[in-house]
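Engineer: I'd like to go over a predicted model; first the sequence, then the structure.
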Amino acid sequence: MATATESPGDTVPDGAKPSRAGRNLPAAIGVGVLLGAAVLVALLTVRQIFVGIVAAAVAVATVELVGALRRGAGIRVALWPVLAGGQAMVWLSWPFGRNGLLSAFVLTVLACLVWRLPGGAAGYLRDVSASVLTAAYVPMFAAFAAMLVVPADGRARVLCFLILVVSSDTCGYIAGVLFGRHPMAPSISPKKSWEGFAGSLTGGVVAGALSVSLLLPGHWWQGVLFGAALVLTATVGDLIESLMKRDLGVKDMGQLLPGHGGLMDRLDSLLPSAVVSWLLLRLFVPG
């Protein structure tokens, strides 16, 4: 969803034919369709599989972020405690909800503090802080996406989240390509435009009103608030990761997905949006 407010000009890998938007659009669409199909199959068959998909995404994204921190700034994140703790956060959130998530997070922080002890005092605070940030930013946020599917109407909750994300991304992408002229935050992400943001907001609000009122027993105005909130958090999440990458001096967190970069580059806006989705849907439609 990182392209939701971009205007033309993104770079693409060598040998790939860029679209007008500046990226390998066929590859990006193909990867997006495959990922979406995997999630839909999980939701329409055994919904617990969705938790496994979230857990796998967390593991890959964690490795990518840890690698970027090491390459860009020489930061030594406690990889194994964060990986193990991240899996515990996601899987314990299914049977135990927020209590399981919080318990796993606290134990992960403790493990990171201890894991770094043999490395000595030099850079200790830096490395531990980055380890805690990684544990909170990736697995802890992602666990809220897993908790979306827990209630009896969990399939519908996840679908509302995904429909809104896709609608916001698509509308913002088109608006940014066709009309993007005014940069939103040129010092952070020069490709983001206010026109693209307006497209995302329009698509998100419409998708939110329809999905919450049709798929869940919610009101259309709740869907409007839901859509607007997710567009805002997605945009902020995208800008946050852009700032992190600028600070580290890296273009992408990874190269796993053709046309997209790394998996972490696709999750940047989804992670904070998952938290807001869980909170708002729990408020609007108690389950």
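Structural biologist: Here it is on my side, so go on.
Engineer: and the longest strand anywhere in the chain, how far from the chain's centre?
Structural biologist: When the chain is parsed with DSSP state E, its longest strand is strand 189-193. Computed by C-alpha atoms, centre = their mean, to the nearest Å, the chain-centroid distance of strand 189-193 equals 18 Å.
Engineer: mind listing what's buried in that strand?
Structural biologist: Residues of strand 189-193 classed as buried by neighbour count (16 or more other C-beta atoms under 10 Å): 189, 191-193. For glycine as for every other residue, the C-beta is placed from the backbone atoms N, C-alpha and C.
Engineer: which secondary structure elements does that strand contact?
Structural biologist: Packed against strand 189-193 by the contact rule (3 or more C-beta pairs under 8 Å, 6 or more residues apart in numbering; DSSP states H and E) you find helix 154-179, strand 183-185, helix 220-248.
Engineer: and among those, the most buried is which?
Structural biologist: Each of the helices and strands packed on strand 189-193 was scored by mean neighbour count; the highest is helix 154-179, a mean of 23, by mean count of other C-beta atoms under 10 Å.
Engineer: picking that back up, got JSON lines for the helices and strands packed on strand 189-193, with mean pLDDT and distance to L214 too?
Structural biologist: Shown next, in JSON lines, are these (pLDDT from 0 to 100; distance: least, C-beta to C-beta, whole Å):
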{"stretch": "helix 154-179", "mean pLDDT": "91", "distance to L214": "9"}
{"stretch": "strand 183-185", "mean pLDDT": "89", "distance to L214": "31"}
{"stretch": "helix 220-248", "mean pLDDT": "94", "distance to L214": "9"}
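Engineer: can you tell me which of the ones you listed is nearest to R71?
Structural biologist: Smallest distance to R71 across the helices and strands packed on strand 189-193 (C-beta to C-beta): 7.4 Å, for helix 220-248.
Engineer: between helix 154-179 and the closest one, find me the angle.
Structural biologist: Going by axes from the mean of the first three to the mean of the last three C-alpha atoms, to 10 degrees, helix 220-248 is angled at 60 degrees with respect to helix 154-179.
Engineer: elements contacting the helix or strand that helix 220-248 is followed by?
Structural biologist: Past helix 220-248, further along toward the C-terminus, the next helix or strand under DSSP states H and E is helix 263-267. Judged by 3+ C-beta pairs under 8 Å, 6+ apart, helix 263-267 is in contact with helix 48-73.
Engineer: what's the mean pLDDT across the helix or strand following the helix it packs on?
Structural biologist: Sequence-wise, the next helix or strand downstream of helix 48-73 (DSSP H and E) is helix 79-115. Mean pLDDT, helix 79-115: 97.
Engineer: any weak-confidence spans in the stretch 1-150 of the chain?
Structural biologist: Applying pLDDT under 70 to the stretch 1-150 of the chain flags residues 1-32.
Engineer: domain assignment for this structure?
Structural biologist: The record's domain split for the chain, according to automatic domain parsing, is 48-148, 152-287.
Engineer: between the helices and strands packed on strand 189-193, which gets nearest to F50?
Structural biologist: Judging these by C-beta to C-beta, what sits closest to F50 is helix 154-179, at 6.4 Å.
Engineer: which helices and strands sit right next to that closest one?
Structural biologist: When contacts are defined as 3+ C-beta pairs under 8 Å, 6+ apart, helix 154-179 sits against helix 25-44, helix 141-148, strand 189-193, helix 194-215, helix 220-248, helix 270-284.
Engineer: between it and helix 194-215, how many degrees?
Structural biologist: 150 degrees.
Engineer: name the nearest of the buried residues of strand 189-193 relative to S273.
Structural biologist: Nearest to S273 among the buried residues of strand 189-193, with distances taken as C-beta to C-beta, is K192, at 16.3 Å.
Engineer: so that closest one sits against E241, correct?
Structural biologist: No - counting by C-beta atoms under 8 Å, K192 stays clear of E241, with 11.9 Å between them.
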